[in-house]
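Colleague: could you look at this predicted model? Sequence included:
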Amino acid sequence: LQQQSNDHSLSNNFNVSQGVAVHRFTSEFEPLERLGKGAFGSVYKVRDKKLKIEYAVKVGCYKEKSLREVRTLSDLFHRNIVRYYTFWMQDTGYEWDLRDDSYDSYASSHHEGNSESKFLYIQMELCAKNTLRDWIDEKNKESVQDSKRREESLRIAQEIVCGVEYIHSKNHIHRDLKPANIMFGVEGEVKIGDFGLVTSDDDDEERTVCKGTPSYMAPEQVRWKYNRKVDMFALGLIFFELLWKLSTGYERAKVRFTAVILTTVHMHGVIIYQ
Ligand SMILES: Nc1ncnc2c1ncn2[C@@H]1O[C@H](COP(=O)(O)OP(=O)(O)OP(=O)(O)O)[C@@H](O)[C@H]1O
């Protein structure tokens, strides 16, 4: 697998995709299930036909910016970060037909006449289906506060911090940390995923537009000038949700409001007396 990963390094893949790999997805993998759908595209559970090993493959329209997810993932190797294997581009997309559980590949319709590859495929390790969002929702269903919740929350929180610390040590900012982007590996270990909004900690150009998920975004993230601390803001909100039952949007908004006030106080040295 390491060899395969090396063979298909960032620079090699362009050549591979323009040459032989036109239908690589369906020729090498058996798609088993659609795991999720996001802004970029869909993520599929697949089985490698030769190796008989299951992976996750993310399929979306190719844009120059979508390569930053691949670039970052290929730079990261950590137990708490979803493992990247390889990527390639095809001029055919892929659509899972939910009505009859069948699937088909399709040619791009919106870039017709353009001979360049138009779909990006990212092969990753397969994580458990339930994300941290599901874990929190499940815990919130329990009427009495589960005594194990604190214990498990602490372990999860520590692992998220480990992953984020590593991302920052490589000079990246995730920018979209939220429970739905935190998954679990085979041993229940945390796996941070969805690096679609990742940016470099010294790349001002990428920060001219407001990006992220509003309910987890640091207040300064709407402006151009911010740094890795925006990830820490999101972490704080995730820790609240891990530990306490914030079942309504109103409760969530209250926590976020408090967090914004505290951040403002911290950033501007303002003390508010009530
Ligand atoms: N490696 C993986 N293993 C298992 N499931 C995954 C994996 N990667 C993603 N998923 C599932 O697919 C869903 C969509 O993935 P992801 O968030 O990466 O896509 P996206 O298009 O970038 O979404 P977004 O709109 O949040 O940016 C996730 O919520 C998760 O449930």
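Modeller: Received, thanks.

Colleague: only C-alpha atoms for contact and neighbour calcs from this point on.
Modeller: OK.

Colleague: flag every residue of this protein that's near the ligand.
Modeller: 35-41, 43, 56, 124-129, 180-181, 194, 196 (C-alpha under 6 Å from any ligand atom).

Colleague: in ChimeraX, select just the buried ones from these.
Modeller: The following ChimeraX line selects those of the residues of the chain next to the ligand that are buried, judged by 16 or more other C-alpha atoms under 10 Å:
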select :35,40,41,43,56,124,125,126,127,180,194,196
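
Colleague: mind listing what the closest residue to Lys37 other than its chain neighbours touches?
Modeller: In this structure, Lys37 finds its nearest non-sequential neighbour in Val43, 6.2 Å apart by C-alpha to C-alpha, 6 or more residues apart in numbering. The contact partners of Val43, taken as C-alpha atoms under 8 Å, 6 or more residues apart in numbering, are 34-37, 56-59.

Colleague: which ones among the residues of the chain next to the ligand lie within strands?
Modeller: Among the residues of the chain next to the ligand, the members falling in strands are 35-37, 41, 43, 56, 124-125 (criterion: DSSP state E).

Colleague: so how far does stretch 189-200 reach from one end to the other?
Modeller: 26 Å (C-alpha to C-alpha, to the nearest Å).

Colleague: list the contacts of it.
Modeller: Under the contact criterion C-alpha under 8 Å, 6+ apart, stretch 189-200 has outside partners 40, 66, 68-69, 72-73, 79-82, 127, 156, 159-160, 163, 171-176, 181-185, 206, 211-212.

Colleague: could you tell me which of those residues count as buried?
Modeller: 40, 66, 68-69, 72-73, 80-82, 127, 156, 159-160, 163, 171-176, 182-185, 212.

Colleague: can you tell me which of the contacts of stretch 189-200 are in strands?
Modeller: 172-173, 182-184.

Colleague: next up, the contacts around the residue of the chain found nearest the ligand.
Modeller: Using C-alpha to the nearest ligand atom, Gly38 is the residue of the chain that sits closest to the ligand, at 3.1 Å. Residues near Gly38 by C-alpha under 8 Å, 6+ apart: none.

Colleague: tell me how far it lies from Lys129.
Modeller: 15 Å.

Colleague: quick one, helices of the stretch 101-250 of the chain?
Modeller: All helices of the stretch 101-250 of the chain, identified by DSSP state H, counting those that start in this stretch, fall at 132-141, 147-169, 229-243, 249-268.

Colleague: quick one: average pLDDT of the first one?
Modeller: It refers to helix 132-141. The average pLDDT for helix 132-141 rounds to 92.

Colleague: just want the angle from it to helix 229-243.
Modeller: If you take axes from the mean of the first three to the mean of the last three C-alpha atoms, to 10 degrees, helix 132-141 sits at 30 degrees to helix 229-243.
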